[in-house]
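**Q** my questions concern the predicted model and sequence given below.
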Amino acid sequence: LMVVAIALPSIVADFGGWADLARVSWIVNAFLLAYVVAMPLAGRGADLWGARRLYVTALLLFVIGSAGAGLSRFAGTEDGLTWLIVARVVQGFGGGALVPLSMALASHLFTGRQRSAALGLEGAATYVGMAIGPAYGAWVLLGFNVSIPGLDMAPWQWIFLLNVPIGILALLLIYVVAGGVETPRVRAGLDLVGAALLSVALVCGIGAITISGADGWTSPLVIGGVALAVVASAAFARLELRSRAPLVDLRLFADRAFSTANAVSLLTGYTLATAIIGGPVFVNRVMFGTDAQASTLLTALTLAVAAGALVGGLASGFIGERLVTVAGVLLTAAALWLALGWGVDPELERLVRDLALFGVGFGLTVSPRATAAIEAAGAGAYGVASAMLQITRTIGMSVGLALLTSIGQNRITELTALIADPARRDALVVELGRPEFVGVDPQASLALIALLETWSQGQSAEVLRLVMGIALAVALATLAPAWFVRGRPGRGEQRLA
C-alpha cells in the first residue's frame with residue numbers, strides 16, 4: 001500500500017485523471033476492503049486446513065493480483081481501470097490473508113520465549129517493509145527504466161509486475177525451507193453464513209467510518225453503512241454464539257487476556273493512525289515543509305516501530321508481556337505529550353525524535369499483545385486470534401483517521417468561510433493588531449495574504465495539537481487493559497480442539 005501511494009498520481013493520470021475521483025479512489029479502497037475481509041476468513045481457514053497451505057494460496061493470489069494490476073493498462077482507459085480495480089481486490093485478498101497466516105505459522109512453530117521473539121520479528125519485518133516502501137516505489141518510478149519491445153510500458157506498471165518474480169522466489173523459499181511443515185487442524189466446517197455476515201459488517205462499518213471523516217456522520221451513506229454494519233454484527237453475534245463450529249468463537253472475549261490484548265490493539269491502532277497521518281500533515285500544513293521532509297518523518301516512525309517490535313519480542317520472554325506492554329504504552333503517551341509542545345516552526349529533528357519515540361513505544365506492544373491473545377485462544381484458534389488482533393487494530397486506525405479528517409475538514413471549512421466574509425475578515429485583522437488591512441481585498445495585497453497565511457498556520461497547529469491531545473488521552477486509557485496483558489506459555493498447546 002505504501003508503494004502504490006507513491007505511484008498513485010501516475011496511475012490516475014493514465015486512467016483519465018482526478019476528474020473521475022469516485023472511480024479512481026477504488027484503486028485504494030478496493031484493496032483495503034478486500035484486505036480486511038480476508039483476515040478473519042484466512043485466520044479461521046488456517047485453523048481448519050493448515051496455515052502453511054493457505055499461506056501458499058494467499059501468496060499466489062497476491063502474485064496473480066499483482067500481475068493483473070500491472071497488465072491492466074493494456075486494456076485501455078475505461079476497461080483498464082475496471083480491470084485494475086478487480087486485480088486490486090484479488091491482490092488485497094491475498095495480502096490481507098498473509099497477515100494472520102504468518103502470525104499463526106509463527107505461533108505454531110515456536111513456543112515460550114521463542115514465540116514472543118518470532119512474533120516480534122514478524123512485526124518488525126512488517127514495519128521495515130512499510131519504511132522502505134516509499135523509497136522502493138520512487139526508485140521503480142524514476143530509476144527502473146525497462147522497456148519491452150512492442151509494448152508501451154508505463155513506469156507504474158513495474159510497481160505491480162516486479163511483485164511477480166519476488167512472489168515466485170518467496171514460494172520457492174517456502175518449499176525449500178518449510179516444505180514439510182504443517183500446522184494442526186481442527187475438524188469442523190467453515191461457517192459460510194457467518195463469513196458473509198462478518199464481511200458485510202466489516203465492509204460497511206469500516207467504510208462508513210472512513211467516509212464520515214469527509215462527509216460527516218449525518219451523511220445518508222454513512223448512516224446507511226452504520227445501520228447495515230450494526231444489523232450484520234448483531235446477526236453475526238447471534239449466529240456465532242449458537243454455532244457448534246463458529247467462524248469466530250466470541251466466547252474468547254470472556255477471557256481477560258484475550259479481550260485486553262484486543263483492546264490494546266484497538267486503542268494503539270487509533271494512536272498509530274494519529275501519528276502516521278498527523279506528523280506528515282504537520283510538516284506540510286504547519287511548517288510548509290517538503291514532501292521529502294514528510295517522508296523522512298514517516299520513515300523514522302516506521303523504522304522505530306520495527307526496532308521496538310524486535311526489542312519487545314525479546315523482552316517479553318524475560319520480563320513478561322504485561323511490563324513490556326505498559327512500557328510501550330507509556331512511551332507512546334510521552335511522545336504524544338511532547339507533540340503538544342510543537343510550535344508553528346519546530347525543527348524537523350524534534351519531530352523525528354518525538355515520533356521515533358512513539359514508534360518504539362508502539363512497537364514494544366506488538367509482540368506481547370499478540371502472544372497474550374494467541375496463547376489465550378489456544379492452538380485450535382491461533383489463526384482466528386491473529387486475525388482478530390489485525391481487525392481491531394484496523395478499526396482503531398480507521399476511527400483515528402476519520403476523526404483527524406473530520407476535525408481538519410471542519411476547521412478548513414470554517415477558515416475558508418471566515419476569510420471569504422469581508423466583515424469577519426476585517427474583525428480578524430483588527431484582532432491581530434493590523435487595522436490598516438480593514439476593507440482591503442486579499443487579492444490586491446500580498447502583505448494581507450502573508451498575514452492570513454501566518455494566522456492560518458497557527459490555526460492548523462492548534463487543530464493538530466487537539467488531535468494529538470485526544471490521542472494522548474486514548475494512550476493513557478490504554479494503560480488499563482495493558483496492565484492485564486499476559487501470556488500463558490504451554491496453555492495454548494493444551495487447548496487444541
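**A** Yep, it's here.

**Q** okay, and L198 sits in which element?
**A** Under DSSP states H and E, the secondary-structure element containing L198 is helix 192-215.

**Q** show me what that helix is packed up against.
**A** Other helices and strands packing on helix 192-215, by 3 or more C-beta pairs under 8 Å, 6 or more residues apart in numbering; DSSP states H and E, are helix 26-49, helix 220-242, helix 382-420. Using the backbone N, CA and C atoms, a C-beta is placed for each residue, glycine as well.

**Q** hmm, who's touching the helix or strand just after the longest one?
**A** Going back to what we said before, that points to helix 382-420. Taking DSSP H and E as the definition, the helix or strand that follows helix 382-420 towards the C-terminus is helix 422-431. Contacts made with helix 422-431 from outside it, assessed by C-beta atoms under 8 Å, 6 or more residues apart in numbering, are listed as A417, L418, I419, P435, F437, V438, G439, P442, L448, L451, L452, W455.

**Q** let's see stretch 281-298 as CSV, backbone CA atoms only.
**A** Output for stretch 281-298, consisting of C-alpha atoms alone and laid out as CSV, is shown next (Å, rounded to 0.1, in the frame of the first residue of the first chain):
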residue,chain,number,x,y,z
VAL,A,281,0.3,16.8,7.9
PHE,A,282,2.0,18.9,10.5
VAL,A,283,5.1,19.1,8.2
ASN,A,284,3.1,20.1,5.2
ARG,A,285,0.4,22.3,6.6
VAL,A,286,2.1,24.0,9.6
MET,A,287,5.8,24.0,8.7
PHE,A,288,5.1,24.3,5.0
GLY,A,289,7.8,21.7,4.6
THR,A,290,8.6,19.5,1.6
ASP,A,291,7.3,16.0,0.7
ALA,A,292,10.9,14.8,1.3
GLN,A,293,10.8,16.0,4.9
ALA,A,294,7.4,14.4,5.5
SER,A,295,8.8,11.1,4.0
THR,A,296,11.8,11.4,6.3
LEU,A,297,9.5,11.7,9.3
LEU,A,298,7.3,8.7,8.2
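
**Q** tell me the buried residues in it?
**A** Within stretch 281-298, the residues that qualify as buried by neighbour count (16 or more other C-beta atoms under 10 Å) are 281-283, 285-287, 289, 293-298.

**Q** same list (those residues) but as TSV, adding distance to Y127, pLDDT and secondary structure.
**A** Rendered in TSV, the data for these read as follows (distance: C-beta to C-beta, whole Å; pLDDT from 0 to 100; DSSP: H, G, I helix; E, B strand; the rest coil):
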residue	distance to Y127	pLDDT	secondary structure
V281	20	80	helix
F282	21	84	helix
V283	20	84	helix
R285	25	74	helix
V286	26	80	helix
M287	25	82	coil
G289	23	79	coil
Q293	20	83	helix
A294	18	80	helix
S295	15	79	helix
T296	16	85	helix
L297	15	88	helix
L298	11	86	helix
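
**Q** let's have those in TSV, adding distance to G80.
**A** As requested, the buried residues of stretch 281-298 are arranged in TSV below (distance: C-beta to C-beta, whole Å):
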residue	distance to G80
V281	32
F282	37
V283	34
R285	34
V286	39
M287	38
G289	35
Q293	34
A294	30
S295	29
T296	34
L297	35
L298	30
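
**Q** just name the closest of the residues you listed to A257, please.
**A** Out of the buried residues of stretch 281-298, the one with the shortest distance to A257 is L298. That distance is 32.8 Å, counting by C-beta to C-beta.

**Q** and the closest one, how far is that from Y175?
**A** Note on L298: its distance to Y175, by C-beta to C-beta, to the nearest Å, is 35 Å.

**Q** same check on I159?
**A** If you measure I159 against Y175 using C-beta to C-beta, the figure is 27 Å.

**Q** with neighbour numbers in mind, choose between these two.
**A** For I159 versus Y175, neighbours defined as other C-beta atoms under 10 Å are more numerous around I159 (24 against 11).

**Q** and the host helix or strand of that one, what does it pack against?
**A** Secondary structure from DSSP H and E places I159 in helix 157-161. Identification of packing neighbours for helix 157-161 by 3+ C-beta pairs under 8 Å, 6+ apart yields helix 2-14, helix 51-71, helix 112-143.

**Q** one step back: and the helices and strands packed on helix 192-215, which one is worst for confidence?
**A** Looking over the helices and strands packed on helix 192-215, mean pLDDT reaches its minimum on helix 382-420, with a mean of 81.

**Q** gap between that helix and the chain center?
**A** For helix 382-420, the distance between its averaged C-alpha position and the chain's averaged C-alpha position is 11 Å (C-alpha atoms, centre = their mean, to the nearest Å).

**Q** repeat that for stretch 188-207.
**A** Centroid separation between stretch 188-207 and its chain, computed with C-alpha atoms, centre = their mean, is 20 Å.

**Q** quick one: mean pLDDT for that stretch?
**A** Model confidence over stretch 188-207 averages 88 on the pLDDT scale.

**Q** now do the same for A473: helix, strand or coil?
**A** Each residue gets one of three states, and A473 gets helix by DSSP: H, G, I helix; E, B strand; the rest coil.

**Q** which pLDDT value goes with R491?
**A** Model confidence at R491, expressed as pLDDT, equals 52.

**Q** my bad, should have said G17
**A** In this model, G17 is scored at 62, pLDDT.

**Q** what of R23?
**A** 65.

**Q** remind me which residues of the stretch 51-200 of the chain are low pLDDT?
**A** For the stretch 51-200 of the chain, the stretches flagged by pLDDT under 70 are 77, 179-181, 183-184.

**Q** go again with 80.
**A** When residues are selected by pLDDT under 80, those of the stretch 51-200 of the chain lie in 76-79, 134-135, 138, 142-152, 177-189.

**Q** likewise for the stretch 251-400 of the chain?
**A** Using pLDDT under 80, the flagged stretches of the stretch 251-400 of the chain are 284-285, 288-292, 295, 343-345, 379-380.

**Q** now do 50
**A** Counting by pLDDT under 50, not a single residue of the stretch 251-400 of the chain qualifies.

**Q** in it, which spans are strands?
**A** Assigned by DSSP state E, counting those that start in this stretch, the stretch 251-400 of the chain shows no strands.

**Q** can you show me the helices along it?
**A** With DSSP state H, counting those that start in this stretch as the definition, the stretch 251-400 of the chain shows helices at residue ranges 256-281, 291-319, 321-339, 348-377, 382-420.

**Q** report the angle between the shortest one and helix 291-319.
**A** What separates the directions of helix 321-339 and helix 291-319 is an angle of 150 degrees, with axes from the mean of the first three to the mean of the last three C-alpha atoms, to 10 degrees.

**Q** swap in the first one?
**A** Here the directions of helix 256-281 and helix 291-319 differ by 160 degrees (the same axes, to 10 degrees).

**Q** which neighbouring elements make contact with helix 256-281?
**A** Judged by 3+ C-beta pairs under 8 Å, 6+ apart, helix 256-281 is in contact with helix 291-319, helix 321-339, helix 348-377, helix 382-420, helix 446-482.

**Q** quick one: buried residues of that helix?
**A** Along helix 256-281, the positions that meet the burial threshold by neighbour count (16+ other C-beta under 10 Å) are 257-281.

**Q** equivalent analysis for the longest one, please.
**A** Judged by neighbour count (16+ other C-beta under 10 Å), helix 382-420 contains these buried residues: 382-408, 411, 415, 418-419.

**Q** please name every helix or strand in contact with it.
**A** Applying 3+ C-beta pairs under 8 Å, 6+ apart, one finds that helix 382-420 contacts helix 26-49, helix 77-109, helix 192-215, helix 256-281, helix 348-377, helix 422-431, helix 446-482.

**Q** before we move on, what about the third one?
**A** Based on contacts counted as 3+ C-beta pairs under 8 Å, 6+ apart, the elements that helix 321-339 packs against are helix 256-281, helix 291-319, helix 348-377, helix 446-482.
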